[in-house]
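Student: model this:
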Amino acid sequence: MLEKIFQLKRNGTNVRTEIIAGLTTFMTMAYILAVNPSILSNTGMDKGALFTATALASLIGTLVMALWARLPFALAPGMGLNAFFAFTVVLGMGYSWQMALTAVFIEGLIFILLTAFNIREAIVNAIPLPIKHAISVGIGLFIAFIGLQNAGIIVNNEATLVTLGNMADHRVWIALTGLIISGVLLIIRVKGALLIGIIAAAFIGIPLGITHLPEGSFISAPPSLSPIFLKFEFSKIFTLNMLMVIFIFLFVDMFDTVGTLVGVSSKAGFLDNKGRIPRVKQALFADAIATTVGAVLGTSTTTTYVESASGVAEGGRTGMTALVVALFFALALLLSPVFIMIPGAATAPALILVGLFMMSPIKKVNLEDFTESIPAFLTIIMMPLAYSISEGIVFGTLSFVILKTLTGKLKEVTWMMYVLAAFFILKFIL
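Tutor: A predicted model of the protein is given here:
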């Protein structure tokens, strides 16, 4: 049955590979089960209910991706978007968390309409192939940077923005040990190298006090959703500030999702000779549905996760990878203490190595043509430095349009690219 649904042989994979890929993806993104409730609870939302909402939104979104789009991508409430929800919209602008949830719900409905009328698909297809390959590389640097931060290897610094962390920190050595273990296993071609590295690093962290074993039972019923379920507030949705909030949610989610889909698809070899992603409309629908359902459940914007690249790196090529991720999110509802105990230092090696794996599409960019290599470079470098996939796409797209136009290569710029460029400039002005 799995072969019939996911066409494993046709995609050059098998059940074992897909299971390992799904588990690897889940392990690299399971931190969201602890981090999302922690961030959103600053607004006064119930932390226990937020855990359940996070797991359910991730489960539903990833399940839609698995069974409808049949692509190896997982979804969960997006990092950055949850911080914007909590610290800007609620704590900064003074809106209630119920109003912020309403904005996310409206965003999801708008995305469903944009996807139904093929507008989001047109945007994906409009991005030039060199930029698409550059997005993969930029995402690789971005998630490697996240991994280095999670391990404490790279830390904040007022003078230079970032600097080397405290090498006496146990997290650093746990991550470096996991990196060596995974690296050796990759070299000798052991399947599941990234996953083994995560598990080994987590066990090493136990005597060092970094991995905290659950107190009491490993099994617990999920907390009730009732404090945050369907808590919408429509009284102020037509204010200018609210329109701006919805616009920012739309913009960041739109191009984070587009960037992740394009970048990971490029690495997986899904793009055709025109740079198109198979079943991209269904993938975008999965994202839109997950955001809408997530708002109903009581969490911030749910989006396609860049950590999906870790599963692709392990050989995941079909929706079965996503199905395995969804099953683990379901299991997490009952085994939350087990999954929450995995520290960021243990998953950091997988993210760092995935950064390496994502570099290969740079070979497909014509570095001798500066109208393509400069936009590609800006796309790549701005993602980790601006800490945003969407900003990398903005800088790459704008420079592509400007350089092609000023050098007389107008035929290489589609009308949709000009529309996107105008939209990005408007975004900067506002």
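
Student: for Val258, list the residues it contacts.
Tutor: Arg120, Ile123, Val124, Ile127, Ile393 (CB atoms under 8 Å, 6 or more residues apart in numbering). Heads up, the C-betas are built off the backbone N, CA and C, glycines and all.

Student: wait, a helix at the first one?
Tutor: Right, Arg120. Yes. Checked against DSSP: H, G, I helix; E, B strand; the rest coil, Arg120 lies within a helix.

Student: tell me the contacts of it?
Tutor: Phe111, Leu114, Met254, Val258, Lys281, Leu284.

Student: would you map the strands across the protein?
Tutor: Applying DSSP state E to the chain gives strands spanning 75-77, 154-157, 161-164, 302-304.

Student: what's the most buried one of these?
Tutor: strand 75-77 (a mean of 32; mean count of other CB atoms under 10 Å).

Student: who does it touch, helix- and strand-wise?
Tutor: When contacts are defined as 3 or more CB pairs under 8 Å, 6 or more residues apart in numbering; DSSP states H and E, strand 75-77 packs onto helix 32-40, helix 47-64, helix 280-297, strand 302-304.

Student: can I get those in TSV with distance to Leu331 and mean pLDDT?
Tutor: Below are the helices and strands packed on strand 75-77 laid out as TSV (distance: least, CB to CB, whole Å; pLDDT from 0 to 100):
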stretch	distance to Leu331	mean pLDDT
helix 32-40	11	81
helix 47-64	9	93
helix 280-297	18	92
strand 302-304	19	88
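
Student: please work out which of those is packed deepest.
Tutor: The most buried one of the helices and strands packed on strand 75-77 (mean count of other CB under 10 Å) is strand 302-304, showing a mean of 30.

Student: any buried residues in the longest helix along the chain, and which?
Tutor: If you go by DSSP state H, the chain has its longest helix at helix 240-268. Residues 242, 245-246, 248-268 are the ones in helix 240-268 that count as buried (16 or more other CB atoms under 10 Å).

Student: number of residues surrounding Pro375?
Tutor: 25 (other CB atoms under 10 Å).

Student: residues in contact with it?
Tutor: Pro128, Pro130, Ile131, Ala134, Phe395, Gly396, Thr397, Ser399, Phe400, Leu403.

Student: mind showing which ranges of the stretch 201-350 of the chain have poor pLDDT?
Tutor: The model of the stretch 201-350 of the chain has pLDDT under 70 over residues 216, 339-340.

Student: how about 80 then?
Tutor: The stretch 201-350 of the chain contains residues with pLDDT under 80 at 214-220, 235-245, 247-260, 262-264, 266-276, 306, 336-342.

Student: stretch 22-37: end-to-end distance?
Tutor: End-to-end distance of stretch 22-37 (CA to CA, to the nearest Å): 23 Å.

Student: so how far is it off the chain centroid?
Tutor: Relative to the centre of its chain, stretch 22-37 is centred 11 Å away, using CA atoms, centre = their mean, to the nearest Å.

Student: Serialize the strands of the chain to a markdown table and add fields for distance to Val312.
Tutor: Shown next, in a markdown table, are the strands of the chain (distance: least, CB to CB, whole Å):
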| stretch | distance to Val312 |
| --- | --- |
| strand 75-77 | 15 |
| strand 154-157 | 24 |
| strand 161-164 | 27 |
| strand 302-304 | 12 |
